[in-house]
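S.K.: I'll drop the sequence and a predicted model, then ask my questions.
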Amino acid sequence: MKLLYRILFLAAVLAVLAIGVLFSVQNTATVPLDLLVIALPERSIALWVLLAFTLGGLVGMLTSVGVVWKLRASLLRANRQLRKQEKHLARTSEKAADSPAGVTKEEEAAA
């Protein structure tokens, strides 16, 4: 199964690279890029598009890493709270088993 996954991943990477190369070869017109505060020199339009695509992918990956870290931290907190509640439940169950007829000491004091 891992071999099939690797082959498919490699095929996808090669396909993306091939499409990028074909896109670059077909779009050779040069255009300047003006970003309001800075004017970049004339370069191939394919270069600007591929750079924008790559930058967008990197920003998306960085954003998703932040979300994943946040979710993992939340999961760790939830697991800690679950263990704490399980210990409390185990102690409460032991106390109930030690008292006669399953009556807890708090219930005995209230009666």
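M.R.: Done, it's in.

S.K.: which residues of the chain fall in strands?
M.R.: Using DSSP state E, the strands of the chain run over 30-34, 39-44.

S.K.: quick one: which of the ones you listed is nearest R6?
M.R.: Ranking these by proximity to R6 (Cβ to Cβ) places strand 39-44 first, at 33.1 Å. From N, CA and C alone the C-beta is placed, and that goes for glycine too.

S.K.: CA atoms only: put that closest one into CSV for me.
M.R.: Only the C-alpha atoms of strand 39-44 are listed here, as CSV (Å, rounded to 0.1, in the frame of the first residue of the first chain):
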residue,chain,number,x,y,z
ALA,A,39,7.5,48.4,-8.7
LEU,A,40,9.1,45.1,-9.7
PRO,A,41,11.0,44.8,-13.0
GLU,A,42,9.6,43.2,-16.1
ARG,A,43,9.6,39.4,-15.9
SER,A,44,7.7,36.6,-17.7
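
S.K.: which strands and helices sit next to it?
M.R.: strand 30-34 (3 or more Cβ pairs under 8 Å, 6 or more residues apart in numbering; DSSP states H and E).

S.K.: Other residues contacting the strand it packs on?
M.R.: For strand 30-34, the external contacting residues (Cβ atoms under 8 Å, 6 or more residues apart in numbering) are A39, L40, P41, E42, R43, S44, I45, W48.

S.K.: Which ChimeraX command selects the buried ones in these?
M.R.: Buried residues among the contacts of strand 30-34 (16 or more other Cβ atoms under 10 Å), as a ChimeraX selection:
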select :45,48
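
S.K.: So which of the contacts of strand 30-34 is the closest to L17?
M.R.: S44 (17.0 Å).

S.K.: Touching, that closest one and A29? I think so.
M.R.: Yes - S44 is in contact with A29 according to Cβ atoms under 8 Å; the separation is 7.2 Å.

S.K.: Let me have the strands of the chain in TSV, adding mean pLDDT and distance to L76 as columns.
M.R.: What follows is these, written out as TSV (pLDDT from 0 to 100; distance: least, Cβ to Cβ, whole Å):
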stretch	mean pLDDT	distance to L76
strand 30-34	90	44
strand 39-44	91	44
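
S.K.: Can you check which helix is longest in this structure?
M.R.: Using DSSP state H, we find that the single longest helix of the chain is helix 45-98.
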